[in-house]
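>>> give me a 3D structure for the following:
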Amino acid sequence: MTLKKEELTALLCDLLNSTSGTSPLSTVVSEAKLLTLIEASKTLLLQQNSLVEIDPPVRICGDIHGQFPDLLRLFGRGGFPPTANYLFLGDYVDRGRHNLETIILLIAYKMRFPKNMFLLRGNHECEHVNRTYGFYEECQKRYTSTRIYEAFQDMFNVMPLAGLVGEKILCMHGGLSPELSSLEQLRQIKRPTTAMQALEVDLLWADPIIGLSGYQPSMRGAGVGFGQDAVSKICTDFNLDLIARAHQVVQDGYEFFAGRKLVTLFFGSSLLRSFIVWQEIRFSRIFNIRMRVLAVVFALVAASSAFLFPSAGGGCGCGAPPPPPCGCAPPPPPPVPACGGGCGGGGGYAAPPPVYAGPPAGGYAVAGK
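Residues are numbered from 1 along each chain as shown. Below is the predicted model of the structure:
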């Protein structure tokens, strides 16, 4: 059984417009409907390769960890699907307060707009992790039975483990592996992945380590640590410009490694206790890629002839998105313009974002009715 487009659109609208907290989630999305959604998304995810190959433009986003208001701010800034394409690098659940809203919204968008939303698996999409760090407890509290939690585990087990953007940007949640020898090897990973092999574990758990040569066992107890030379070798062997991964909290929401051949992305702003930041970083000597960072979301914008990542800006170059021609209306505006008032293209928020107060007047609307 699956959900029709009209049902998915209605579900998205109900979910987006219930965030003021006046209705329990189980009355907005019934257990039966949620089980149907999870099963349908499992079928859709299995239709993709374990290496998801994506044409730009796409926005690449790090860990969310149940930060649903931040996810809505992201869509408000970068565009709600299908007006923008997204690749999320995993860790949708645990630690946050709205794990279910976060993962339900993402898989509903994946079902409604499968060519605009791409979801990779993170290490928190593993049962032995999310049973401990909050997701299990939230499922039990809000849906009372174990059926929802168990259905999500079945879905997590079929999520792709890596992505390739424009044949030049390799993406995963964790990092590299000494077992990785070709892109074809990533395409051939069999799912569901429950009893994982070393390669799959490293894709979810590995971390870059400054000063390390090659690989070594990780202090996490799972996966490996890898050095700059490992990054350089993979980029050379696979003809890559960049490796994008998540998995670690980094100071500004993004952090380069190995001469900007690798970037770590992290999204959960409340976990960082940092301001939402809109800033631009330009560099041309290595990649000729312009990067925009929203909060701790990283939007890759190609400036070369090889890629075309159109700006989400509103015409003045400041990066403030215009109202989408169709799709969801953005959340309420921030306290100051994204450009800092000068439209110089490099400004940002001067203060933390306001506490999310629910949907805007009139509610959200979803494209494709």
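>>> contacts and neighbour counts: CA atoms only from here.
Noted.
>>> so where's this protein uncertain?
Scanning the chain for pLDDT under 70 picks out 1, 19-23, 252, 268-369.
>>> ok, now with 80
Applying pLDDT under 80 to the chain flags the ranges 1-2, 18-24, 251-254, 267-369.
>>> any idea which helix is longest in it?
Longest helix in the chain by number of residues (criterion: DSSP state H): helix 31-46.
>>> how about the contacts made by the residue nearest to residue 82 when sequence neighbours are not counted?
In space, and not counting its chain neighbours, residue 82 is closest to residue 116: 5.7 Å by Cα to Cα, 6 or more residues apart in numbering. Residue 116 makes contact with 81, 82, 84, 85, 86, 110, according to Cα atoms under 8 Å, 6 or more residues apart in numbering.
>>> coming back round to it: tell me the helices and strands packed up against the longest helix of the chain.
Contacts defined by 3 or more Cα pairs under 8 Å, 6 or more residues apart in numbering; DSSP states H and E place helix 31-46 against helix 99-112, helix 147-156.
>>> quick one: the last one to helix 31-46, angle?
Put plainly, it is helix 147-156. Calculated by axes from the mean of the first three to the mean of the last three Cα atoms, to 10 degrees, helix 147-156 forms an angle of 10 degrees with helix 31-46.
>>> what does the first one give?
For helix 99-112 and helix 31-46, the angle between their directions (the same axes, to 10 degrees) works out to 60 degrees.
>>> ok, and what's touching helix 99-112?
Residues outside helix 99-112 that contact it (Cα under 8 Å, 6+ apart): 5, 8-9, 11-12, 15, 25, 37-38, 40-41, 44, 65-68, 71, 81, 92-93, 116-119, 135, 138-139.
>>> which parts of the protein are helices?
Here the chain has its helices, by DSSP H, at 5-16, 25-28, 31-46, 68-78, 99-112, 127-130, 135-143, 147-156, 183-187, 198-205, 228-238, 269-272.
>>> of all these, which lies closest to residue 168?
Closest to residue 168 of these is helix 228-238 (Cα to Cα; 8.5 Å).
>>> elements contacting the closest one?
The contact analysis (3+ Cα pairs under 8 Å, 6+ apart) places helix 228-238 against strand 242-245.
>>> so who does residue 133 touch?
Counted by Cα under 8 Å, 6+ apart, residue 133 has contacts 94, 95.
>>> and it, how far is that from residue 258?
Using Cα to Cα, to the nearest Å, residue 133 is found at 31 Å from residue 258.
>>> ditto for residue 164
Residue 164 is 19 Å from residue 258, by Cα to Cα.
>>> burial of residue 43, as a residue count?
When neighbours are counted by other Cα atoms under 10 Å, residue 43 registers 13.
>>> also residue 238?
By the criterion of other Cα under 10 Å, residue 238 has 16 neighbours.
>>> isn't it up against residue 184?
No. With contact defined as Cα atoms under 8 Å, residue 238 does not reach residue 184; the gap is 10.5 Å.
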